[in-house]
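1. Just need the structure, nothing else, for what follows:
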Amino acid sequence: MTRQQLLDLYFLDARGKLIELAAFLDRVERAEGADDFRLQAFRQALAILSQAGSDRAPDVLLAFSDPTTEPIPVATTKAACGAWPGAADRRPPPAQAACPRPQGGGARGRRQARRTNKRR
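-> Okay, here's the model as predicted:
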C-alpha cells in the first residue's frame, strides 16, 4: 500500500485519537495532585512517538511493560493497570506499589452513579 493510500484510509481515525489524547492530557494537567507511574510511562511513550523510525509500536508497548523475568511473590492488586510501576526508571518497583483503584471514573463508576441516582 502506498503512503497516500494509508493516509486516505487511516488519517481521520488517527487524527481523532490524537485529539482524544490531547484532551486527556489537558484534563490531567488541570487536575490537582502528583504524577504517578502511569502518567510517567505515558509521557515516555509520547516521546517515542515523536522519534523518526518505523518500529515505534513495539517501543511504545515496552514503555508500559514490565521487563523483569522473575514473578513477584504476591499480587498487589486484582487487575492490571496498563503500566508497570517501575517503568519510569526501569528498576523493580517498591513492594507497596500497586495500581490505584479508580475513583468513580470509567464505565463502572458511571454504572454505580446511575444505580445510586435511581434509588433516590
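2. Need the contact partners of stretch 55-66.
-> Residues from elsewhere that reach stretch 55-66 (Cβ atoms under 8 Å, 6 or more residues apart in numbering): 41, 44-45, 48-49, 82-84, 86-87. C-betas here are computed from N, CA, C, even on glycine.
3. Please spell out which residues along it are buried.
-> Neighbour counts over stretch 55-66 (16 or more other Cβ atoms under 10 Å) mark 60, 63-64 as buried.
4. on that earlier part again, quick one, which of the contacts of stretch 55-66 are buried?
-> Buried among these by 16+ other Cβ under 10 Å: 41, 44-45, 48, 83-84, 86-87.
5. all helices for this protein, in order.
-> Along the chain, the stretches classed as helices by DSSP state H are 3-30, 37-49, 56-64, 106-119.
6. Ok, which of those comes nearest residue 74?
-> Closest approach to residue 74 among those is made by helix 37-49 (18.9 Å; Cβ to Cβ).
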